[in-house]
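1. take a look and give me a structure for this.
(one chain, ligands or ions: 1)
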Amino acid sequence: MLMKRNGAVIPLTNGREELDVLEHAAAIDTPMRADAFALSPEEKIQRIERHFRGIMETLGMDLADDSLQGTPKRVAKMYVNEVFNGLDPENRPAPTLFANKFGYKGMLVERDITVHSFCEHHFVPIIGRATVAYFSSGQVIGLSKLDRIVKYYAARPQVQERLTEQIAAELKRVLQTEDVAVVIDAEHMCVKLRGVKDECSSTLTAHYSGRFEEAEVRTEFLSYMKK
Ligand SMILES: [Zn+2]
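-> Coordinates of the predicted model:
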């Protein structure tokens, strides 16, 4: 099996599926090496455990202590199996689509989807909410799938701008429409805990395309976002 990326054809050693996002939209790719999946998840956990032990030892911590002993393994499992499992295309949610039998013509808005991600510059959490919306092009999607798409792209080291674009691109691909909107409002722990130590700021990013570029449609969408 082959993966095309930035024009180059790269053999995939373990038969993983191609990532359409990688193929068609290089600018919003999560930067990944061609050998990203040469190691199994179990091998990655073992390797990260070793590296994290090294970090803690370098900080001078006593890894023989009961409370610290299991930390390198716990962090490694958390990275691979939970908070970064959206790096693996095998975990991309398979969309469940239904015919739009009821002839619903309005916009569908899914509000306040929890976003748990990690800033790729500091590896600390980004915590916020996403609101996504679309107009049906003949098919509708299971509502929980909208949540799953957001959570899949959030489960990577991210920047909020790229996360917004990746979610929008996937919604367009799955729903076969340009009429999508994505708004994310999130707090970045790297801004709160370090540097400027701003406790109160949050970051808003938005993607509007198709009918959402029309002023009237956008105003309607924004009115639904108000509580
Ligand atoms: Zn950061």
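2. please report the distance of Lys226 from the ion.
-> 29 Å (CB to the ion, to the nearest Å). (Each C-beta comes from the backbone N, C-alpha and C, glycine too.)
3. what about that residue, how many neighbours?
-> 5 (other CB atoms under 10 Å).
4. try Pro95
-> Per other CB under 10 Å, the neighbour tally for Pro95 reads 17.
5. what do you get for Asp35?
-> The burial count for Asp35: 10, using other CB under 10 Å.
6. repeat for Ala36
-> 16.
7. tell me the secondary structure for it?
-> Put simply, Ala36 is coil when judged by DSSP: H, G, I helix; E, B strand; the rest coil.
8. quick check: the gap between it and Ile167.
-> Distance from Ala36 to Ile167, counting by CB to CB, to the nearest Å: 21 Å.
9. give me the contact list for the one helix or strand Ile184 maps to.
-> Using DSSP states H and E, Ile184 maps to strand 180-188. Contacts of strand 180-188 with the rest of the structure, by CB atoms under 8 Å, 6 or more residues apart in numbering, involve 115, 117, 119, 124, 126-134, 160, 163-164, 167-168, 171-172, 201-210, 212, 218, 221, 225.
10. parallel or antiparallel, list what pairs with that strand.
-> Strand 180-188 has its sheet partners listed here by DSSP bridges as strand 125-134 (antiparallel), strand 203-208 (antiparallel).
11. list the helices and strands the top helix by length along the chain packs on?
-> Across the chain, the longest stretch assigned as helix under DSSP state H is helix 41-58. Contacts defined by 3 or more CB pairs under 8 Å, 6 or more residues apart in numbering; DSSP states H and E place helix 41-58 against helix 71-77.
12. and the next helix or strand past the helix it packs on?
-> Tracing the chain C-terminally past helix 71-77 and defining elements by DSSP H and E, one meets strand 97-99 next.
13. centre of the chain to that next one, how far?
-> Its chain's C-alpha centre and that of strand 97-99 lie 24 Å apart, by CA atoms, centre = their mean, to the nearest Å.
14. who touches that strand?
-> Residues outside strand 97-99 that contact it (CB under 8 Å, 6+ apart): Gly138, Gln139, Val140, Ile141, Gly142, Val174, Leu175.
15. quick check, pLDDT for Arg162.
-> Looking at Arg162, its pLDDT reads 98.
16. surely it is in contact with Ile28?
-> Yes. With contact defined as CB atoms under 8 Å, Arg162 reaches Ile28; the gap is 5.7 Å.
17. re earlier: just the CA trace of the strand holding Ile184, in CSV.
-> What follows is strand 180-188, C-alpha atoms only, in CSV (Å, rounded to 0.1, in the frame of the first residue of the first chain):
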residue,chain,number,x,y,z
VAL,A,180,-19.9,24.0,6.7
ALA,A,181,-18.9,26.2,9.6
VAL,A,182,-16.5,25.4,12.5
VAL,A,183,-15.9,27.7,15.5
ILE,A,184,-13.5,26.8,18.3
ASP,A,185,-13.2,28.7,21.6
ALA,A,186,-10.4,27.3,23.7
GLU,A,187,-8.0,28.1,26.6
HIS,A,188,-4.4,27.3,26.1
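18. what residues does this protein put near the ion?
-> Cys119, His121, His122, Cys190 (CB under 5 Å from the ion).
19. any idea how many residues pack against the second one?
-> With neighbours defined by other CB under 10 Å, the count for His121 comes to 11.
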